[in-house]
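**Student:** Any chance you can model this:
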Amino acid sequence: MPEEGKKAPNFKLKDQNGKTVSLDDFKGKNVVLYFYPKDNTSGCTAEACNFRDEFPKFGKLNAVIIGISPDSSESHKKFAAKFDLPFILLSDEDKKVLEAYGVWKEKSMYGRKYMGVERTTFIIGADGKTKKIFHKVKVEGHNQEVIEAI
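**Tutor:** Residues are numbered from 1 along each chain as shown. All right, here's what the predicted structure looks like:
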């Protein structure tokens, strides 16, 4: 699990177009790395659309946005097209990056326990170090919190 002030774990995953993307590809930029449970669900769609709507502000802050979930690249491709998402969505079907970042956790709903993604956002500085971690993200207003933290 990354800690604020420490180097963020590198990864290599496929994006919504099947291209391999690495955290190292973004050296010198601020990276907003947000982990979300599932494409096309209400909370995840709202979160993605909020980032989309503020996308130009992130560019002015030398920041890229990357979303990661366990959905397939094909699912991400459809999700990005449906909501006109201008940023990278990465597929972590084997959950290795989710585990490395400590966001694959036991959750509970209606008394039933299951494994899932805890909605979490990491801001990784241009130096590759974790600047800020937002745990158990509440979608409403989160994009503004992230902009202020960069």
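**Student:** Could you double-check that residue 17 sits in contact with residue 77?
**Tutor:** Yes. Assessed by CB atoms under 8 Å, residue 17 is found in contact with residue 77 at 6.7 Å. C-betas here are computed from N, CA, C, even on glycine.
**Student:** Which of these two has more residues huddled nearby?
**Tutor:** More neighbours surround residue 77 than the other of residue 17 and residue 77, with 17 against 12 (other CB atoms under 10 Å).
**Student:** what about that one, distance to residue 14?
**Tutor:** Here residue 77 is placed at a distance of 10 Å from residue 14 (CB to CB, to the nearest Å).
**Student:** With adjacent residues omitted, what lies nearest to the spatially most central residue of the chain?
**Tutor:** Among the residues of the chain, the one closest to the centroid is residue 34, at 1.9 Å (CA atoms, centre = their mean). The shortest distance from residue 34 to any non-neighbouring residue, by CB to CB, 6 or more residues apart in numbering, is to residue 121 (4.3 Å).
**Student:** Identify the residues contacting that neighbour.
**Tutor:** Under the criterion of CB atoms under 8 Å, 6 or more residues apart in numbering, the neighbours of residue 121 are 32-35, 133-134, 137, 142, 146.
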